[in-house]
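>>> Can you look at this prediction? I've put the sequence above it.
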Amino acid sequence: MPVWGAASWIRGGVAQGARGESVWWVAVAGFVEGLVERLRVLRERRRAVILAHNYTLPEVQDVADFVGDSLEMAIRAAETDAEVIVVAGVRFMAEVAKLLNPDRVVLHPEPAAGCPLADYATRRAIEWFRSRYPGAPLLVYVNSTLEAKALGDYLVTSASAVEAARRLAGEGHEVIGLAPDRNLADWVGESLGGAAEVVAVPPEGHCPVHEYLVSEYYVRRAREEHPGARVLVHPEAPRAARRLADYVGSTSQMLRYIGRTDPRGEYVLATEEGLAYRARRLYPEARVYPVSGRTVCIDMKKITLDKIVASLEHLRPRVELPPETAKRARETVVRGLELVGKLPKTLA
Ligand code: SF4
């Protein structure tokens, strides 16, 4: 475990206070090493796999078997033959893993790690869309409630939303709904260039991290601080911030952009700050900066090493889903993956 990884695990006061005291540092580093060793033993004993999102803490990314975006995590969850799946991410990610693996144990180490954006996807909002635009297809962003997935037509992620909408527009649909992120809906609509109208369901859904901390203000400031850097902006950010981007894409698309553009280049990643750690691991020669140090999703950071260890030790908290809702939500996930040609053989 890198020392600064251990440092970031001990957030706030302890780490600050300990910085000048080598005895404390030895104790802290030893504690983290102990957790990593317990995790190694437990993972083997439980035949477990740990899937982590790009926004999780560095030390969580370091111990994960796989780190990626929501779509990649869902595909890995469908493909794994592990007996236990630990989802280091927010609740909807653990739900998707369980949907795709109804007979396996899926653990979500911190059930309080939710997603404020996902909660905008209510039954009421979807019923409004269905009555206002009868027959129009509804794309449901993976960042959504289980119920919204059960009520939607196709699951999308920020990596697949444009492609999915393009295919539906190609089939002749003039209106396409997208729940629940208004900025993603706006970006998909822009990307279609008028081929179809994309309606945000509900009109006010947004991620507070991207809406307020990846705003035009922070992107402008980052451009001033790093004038030579390419600026990559996530589609959950508002249009004014996206306008300042050299590239707009999901977290996995941003990482691939660095790889194909210049792995030694300079980049500002205008999304949750955890992605900068992932990018530096993949491209150690690149200079990568988060758009600001404040761009933190506190829900993602609730997944800590000690909680992962405890969940594997006790095989709790397990994700359990209402069977009928889960079945319909699974169909939406499968249709969404199929629509963009990403359906794993295990789900076909
Ligand atoms: S960054 Fe935003 S969309 Fe992602 S989990 Fe956090 S609150 Fe939800």
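Sure thing, it's come through. Numbers count the residues shown, from 1 in each chain.
>>> List, one by one, the residues from the stretch 1-150 of the chain near the ligand.
90, 115-117, 143 (Cβ under 6 Å from any ligand atom). All C-beta atoms are positioned from the backbone trio N, CA, C, and that covers glycine.
>>> tell me which parts of the stretch 201-348 of the chain are close to the ligand?
Counting by Cβ under 6 Å from any ligand atom, the residues of the stretch 201-348 of the chain near the ligand are 207, 209-210, 272, 297, 299-300.
>>> mind running it again at 5 Å?
207, 209, 272, 297 (Cβ under 5 Å from any ligand atom).
>>> Can you tell me which of those is closest to Asp62?
Glu272 (17.3 Å; Cβ to Cβ).
>>> That closest one reaches Asp299, doesn't it?
No - contact between Glu272 and Asp299 fails when scored by Cβ atoms under 8 Å: they sit 10.1 Å apart.
>>> More neighbours: which of those two?
Each of Glu272 and Asp299 has its neighbours counted (other Cβ atoms under 10 Å); Glu272 has more, 26 against 19.
>>> Show the pLDDT at the more buried one.
In this model, Glu272 is scored at 97, pLDDT.
>>> ok, of the residues of the stretch 1-150 of the chain next to the ligand, which come out buried?
Among those, those classed as buried by 16 or more other Cβ atoms under 10 Å are 90, 115-117, 143.
>>> Flag the shaky bits of this protein, pLDDT-wise.
Applying pLDDT under 70 to the chain picks out residues 1-29.
>>> Would you map the strands across it?
Secondary structure of the chain (DSSP state E): strands at 48-53, 66-68, 84-88, 105-107, 138-141, 154-156, 175-179, 197-200, 230-233, 247-248, 266-270, 287-290.
>>> what residues does the second one touch?
Strand 66-68 is contacted by residues 49-54, 56, 61, 72-73, 76, 252, 278 when judged by Cβ atoms under 8 Å, 6 or more residues apart in numbering.
>>> which residues sit in contact with Arg328?
149-151.
>>> try Leu312
39, 42-43, 46, 48, 84, 86, 107.
>>> cool, Trp128 as well?
201-202.
>>> between the residues of the stretch 1-150 of the chain next to the ligand, which is closest to Thr304?
Taking those together and measuring to Thr304 by Cβ to Cβ, the closest member is Val90, at 13.7 Å.
>>> Does that closest one touch Glu272 like I think?
No - using Cβ under 8 Å, Val90 is not in contact with Glu272; the gap is 11.1 Å.
>>> Give me the common contacts of the two.
297, 300.
>>> excluding its backbone neighbours, what's nearest Val49?
Ala82 (3.8 Å; Cβ to Cβ, 6 or more residues apart in numbering).
>>> What is the burial count for that neighbour?
19.
>>> In stretch 80-98, which residues are buried?
By neighbour count on 16+ other Cβ under 10 Å, the buried set for stretch 80-98 is 80, 82, 84-98.
>>> for Glu225, what are its contacts?
Here Glu225 is in contact with Tyr289 (Cβ under 8 Å, 6+ apart).
>>> Against the ligand, how distant is it?
With the distance defined as Cβ to the nearest ligand atom, to the nearest Å, Glu225 ends up 22 Å from the ligand.
>>> Which residues lie in contact with the nearest residue to Arg230 once chain neighbours are set aside in this structure?
Residue nearest to Arg230 in three dimensions, not counting chain neighbours: Asp246, with 4.4 Å by Cβ to Cβ, 6+ apart. Contact analysis of Asp246 by Cβ under 8 Å, 6+ apart lists 230-232.
>>> Neighbour-wise, give me the winner out of those residues.
Leu232 (26 neighbours).
>>> Report the beta-bridge partners for that residue.
Tyr247, Leu269 (DSSP bridges).
>>> ok, it touching Tyr247?
Yes - counting by Cβ under 8 Å, Tyr247 is a contact partner of Leu232 at 4.8 Å.
>>> Next, the contact list for the residue of the stretch 1-150 of the chain found nearest the ligand, please.
Going by Cβ to the nearest ligand atom, the ligand is nearest to Cys115 of the stretch 1-150 of the chain, at 3.3 Å. Residues near Cys115 by Cβ under 8 Å, 6+ apart: 90-92, 143, 207, 299.
>>> pretty sure Tyr120 is touching Pro203, no?
No - Tyr120 is beyond contact range of Pro203, at 9.9 Å (criterion: Cβ under 8 Å).
>>> of those two, who's got more company?
Legend: neighbour count by other Cβ under 10 Å for Tyr120 and Pro203, higher for Tyr120 (25 against 11).
>>> can you pull the contacts of that one?
179-181, 202, 204-206.
>>> Among the residues of the stretch 201-348 of the chain next to the ligand, name the ones in helices.
Counted as lying in helices by DSSP state H, out of those, are Val209.
>>> Adding distance to Gly68, write the residues of the stretch 201-348 of the chain next to the ligand out as a markdown table.
What follows is those, written out as a markdown table (distance: Cβ to Cβ, whole Å):
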| residue | distance to Gly68 |
| --- | --- |
| Cys207 | 18 |
| Val209 | 19 |
| Glu272 | 14 |
| Cys297 | 16 |
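>>> Farthest-apart pair in the residues of the stretch 201-348 of the chain next to the ligand, please.
Cys207 and Glu272 (9.1 Å).
>>> Could you find the closest non-adjacent residue to Ala136?
Leaving out its chain neighbours, the residue that sits closest to Ala136 by Cβ to Cβ, 6+ apart is Val175, at 4.3 Å.
>>> so what's Phe92 up against?
Counted by Cβ under 8 Å, 6+ apart, Phe92 has contacts 115, 118, 142-146.
>>> I am finished for the moment; much appreciated.
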